[in-house]
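Colleague: build me a model from this:
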Amino acid sequence: MNGDSWVIDASVLAQLYIVDEDEQFTDLAKTIVRRHTDGRLELVAPQFILYEVPSAIHRAVRRRRLALHDARLAIGHFFNLQLHTLGTEDSLSDLIQFAYDRATQLNCHVYDALYLVVAEVLDIPFITADRKLYRQVRNELDYVVWIADFESYEHHQ
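Modeller: Residues are numbered from 1 along each chain as shown. Got it, this is the predicted structure:
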């Protein structure tokens, strides 16, 4: 990991592909991804993100919030980001067990806890646009950053 590495939540990346009047952080998500694609920021996630983002895109198509053609392009773009993911065949069971324990402790979903434990294991910040998750853990975990606070957090590091 380089010095500017962040764990990124699928909720942040979904901002790029599923836009409606409620999505207020699209420009910030684009800035984060642009920094990743030009090499200034390394984005990391649990392997689960490889399924979670396409699933969110598919859900948007089913809800008629995204055209099928646009969805296929979005999935291609997502995979072209080449995020660094954790959770190989050798490490996945340990990662999931750790996430299960964290989810139990924090009263959140195991898939949300996967992001948290990746940030803990790598000792890097975690950025999310999932309001419910952020509210659940913000008082207990100082490495969790709300998307709106990304730039101010980054400048203070």
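Colleague: list of residues touching stretch 132-141?
Modeller: Asp9, Ser11, Leu106, Asn107, Cys108, Asp112, Leu116, Phe126, Thr128, Val144, Trp146 (CB atoms under 8 Å, 6 or more residues apart in numbering). Quick note: C-beta positions are derived from backbone N, CA and C, even for glycine.
Colleague: of those, select the buried ones using a PyMOL command.
Modeller: Burial among the contacts of stretch 132-141 is assessed by 16 or more other CB atoms under 10 Å; the matching PyMOL selection reads:
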select buried, resi 9+11+106+108+112+116+126+128+144+146
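Colleague: restricted to strands, list the contacts of stretch 132-141.
Modeller: Phe126, Thr128, Val144, Trp146 (DSSP state E).
Colleague: excluding sequence neighbours, find me the nearest residue to the second one.
Modeller: Leaving aside its chain neighbours, Thr128 sits nearest to Asp9 (4.0 Å; criterion: CB to CB, 6 or more residues apart in numbering).
Colleague: returning to what we had before: can I get the ones in strands among the contacts of stretch 132-141 in CSV with pLDDT and distance to Arg65?
Modeller: Below are those laid out as CSV (pLDDT from 0 to 100; distance: CB to CB, whole Å):
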residue, pLDDT, distance to Arg65
Phe126, 97, 26
Thr128, 96, 21
Val144, 97, 27
Trp146, 96, 23
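Colleague: and which of those is nearest Ile75?
Modeller: Thr128 (21.2 Å; CB to CB).
Colleague: need the contact list for the residue nearest to the spatial centre of the chain.
Modeller: Against the mean C-alpha coordinate of the chain, by CA atoms, centre = their mean, the closest residue is Asp9 at 1.2 Å. By CB under 8 Å, 6+ apart, the contact list for Asp9 reads Ala45, Tyr115, Phe126, Ile127, Thr128, Ala129, Asp130, Leu133.
Colleague: now those in a markdown table, with distance to Thr31?
Modeller: Output for these, formatted as a markdown table (distance: CB to CB, whole Å):
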| residue | distance to Thr31 |
| --- | --- |
| Ala45 | 18 |
| Tyr115 | 20 |
| Phe126 | 17 |
| Ile127 | 11 |
| Thr128 | 16 |
| Ala129 | 13 |
| Asp130 | 18 |
| Leu133 | 21 |
